[in-house]
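>>> no sequence for this one, just the structure:
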């Protein structure tokens, strides 16, 4: 199993959500509004040209737990849906997921995802 964490532009949230809904067998995803900075140090493109004060920018954190077999398709769906070709499109991280448990049914492992 894998845990996929993506940080995307808020304007791309709907595109990513629709792309994830289109993946057969994907049982769910979580979306959180966050703030942060990356290489641009929290400056918008216009602000960077004026040497603005460093801060944070709004982003959406997407978390998806998937079986190993669905990892590549899920990662590609997020990357394609979030892509604008501009700096600040975001990042995708894939981590191993050692355990999962569905509380309502007491299922373990991939069946719980």
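The structure has been received and is ready for your questions. Predicted model only: the values in this text are computed from it and were never measured.
>>> Tell me, please, the helix or strand in this protein that averages the lowest pLDDT.
Of all helical and strand segments in the chain, the minimum by mean pLDDT, DSSP states H and E falls on helix 45-49, at a mean of 51.
>>> Tell me the strands beside the following helix or strand past it, with direction?
Once the chain leaves helix 45-49, the next helix or strand it forms, by DSSP states H and E, is strand 57-66. Take DSSP bridges as the rule and strand 57-66 pairs in its sheet with strand 2-8 (antiparallel), strand 30-36 (antiparallel).
>>> Looking at those strands, which is nearest to residue 24?
Closest to residue 24 of the strands paired with strand 57-66, according to CB to CB: strand 2-8, at 16.3 Å. C-betas here are computed from N, CA, C, even on glycine.
>>> buried set for that closest one?
The neighbour-count check on strand 2-8 (16 or more other CB atoms under 10 Å) flags 2, 3, 4, 6, 7, 8 as buried.
>>> Quick check on residue 29: phi, psi?
phi -150, psi 160 (degrees, to the nearest 10).
>>> what pairs with the residue nearest to it when sequence neighbours are not counted across the strands?
Spatially, and ignoring its direct neighbours in sequence, residue 29 is nearest to residue 64 (4.5 Å; CB to CB, 6 or more residues apart in numbering). On the basis of DSSP bridges, residue 64 is bridged to residue 4.
>>> do you know how far residue 82 is from residue 68?
22 Å (CB to CB, to the nearest Å).
>>> quick check: mean pLDDT across stretch 62-73?
Over the span of stretch 62-73, the pLDDT mean works out to 95.
>>> likewise stretch 22-42?
pLDDT averaged over stretch 22-42 gives 87.
>>> For that stretch, which outside residues touch it?
Contact with stretch 22-42 is made by 7, 10, 13, 17, 20, 48, 54-66, 70, 73-74, 77, 87-88, 91, 113, as judged by CB atoms under 8 Å, 6 or more residues apart in numbering.
>>> neighbouring contacts of stretch 84-94?
2-9, 12, 38-40, 45, 57, 59, 71, 75, 78-79, 82-83.
>>> Can you give me the buried ones in that stretch?
88, 90, 92, 94.
>>> Start and end of it, how far apart?
End-to-end span of stretch 84-94 (CA to CA, to the nearest Å): 21 Å.
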